[in-house]
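> Fold the following and give me the result.
(one chain, ligands or ions: 1)
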Amino acid sequence: MTPTEPEKKKFSFSTALVLAVVLLVVLLTCVPYLVTIALAEGPAPANASPIFGVTIPAGYKQWELIAPAEEAAPLDELRAVLGNQTAVDAYQAGKLPFPDGTILVKRAWKRKQSPEFASATIPGAATTVQVMVKDSKKYASTGGWGFGRFIDGKPVDEAQHRTCWGCHEARARSRDYVFTRLAP
Ligand code: HEC
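A predicted model of the protein is given here:
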């Protein structure tokens, strides 16, 4: 036994330990990326809009009101734009552009005369639910917004979804492509 032998063994053990730790760190670092890739390339969820893969967010009927709106003929609709907490916070802070995670939902109903009071207009049958989701990376080519229009919970066709960005881009560019202002 030469005097250098035990030291050699010690060295190789600690080298192996360091390598193992490095390997573990590398693996752990990769996990979030692997999960992201798996999710991004997974199948689109059922009832997601074409092009954008936007779905109707759970619990949106309980969200806060941003503003009501009315649409003249031929649509003759009453509308309400609702926002999730991220949207509400951004609106209240007057923050533009809207941060990632902002979701706006526009509910719409046929205008109906109140059966009890002739001059009152009330919501009739629900027509569409429209959704805008902010994700500046995923939707980089459409101002950071993903769009979805739904009738009876089902997304409408791709042709309709091709129209969303053009109009919002042309008319609401200075307001991060969002028309609706917080109702006073
Ligand atoms: C021809 C113009 C036009 C097109 C096309 C259009 N929108 Fe809009 N959108 C508007 C206007 C105007 C408003 C605000 C008035 C209102 O609420 O009706 C609006 C409001 C919205 C809102 C509420 C947030 C905001 O910007 O005020 C959502 C959500 C929305 N649209 C989604 C969609 C989706 C999804 C599509 C495509 C399927 C679409 N829009 C296509 C004009 C358009």
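
> Can you give me the domain assignment for the protein?
1-42, 60-175 (automatic domain parsing).

> Highest mean neighbour count out of those?
With neighbours taken as mean count of other Cβ atoms under 10 Å, the domains of the chain reach their highest mean count in domain 60-175, at a mean of 15. For the C-beta atoms, the positions are set from N, CA and C on the backbone; glycine is no exception.

> Please give the element, helix or strand, for the nearest residue to Thr142 once chain neighbours are set aside.
Spatial nearest neighbour of Thr142, chain neighbours left out: Trp165 (4.4 Å); criterion: Cβ to Cβ, 6 or more residues apart in numbering. Using DSSP states H and E, Trp165 falls within helix 158-171.

> mean confidence score for stretch 118-127?
Mean per-residue pLDDT for stretch 118-127: 98.

> ok, is that stretch in contact with the ligand or not?
No: Stretch 118-127 stays clear of the ligand (Cβ under 6 Å from any ligand atom), getting no nearer than 11.5 Å.

> so what's Tyr91 up against?
Ile66, Gly83, Leu182 (Cβ atoms under 8 Å, 6 or more residues apart in numbering).

> give me the element the residue nearest in space to the middle of the chain is part of.
Against the mean C-alpha coordinate of the chain, by Cα atoms, centre = their mean, the closest residue is Val133 at 2.8 Å. Using DSSP H and E, Val133 sits within strand 121-134.

> Now do that strand: which elements does it pack against?
Judged by 3 or more Cβ pairs under 8 Å, 6 or more residues apart in numbering; DSSP states H and E, strand 121-134 is in contact with strand 77-83, strand 103-113, strand 145-151.
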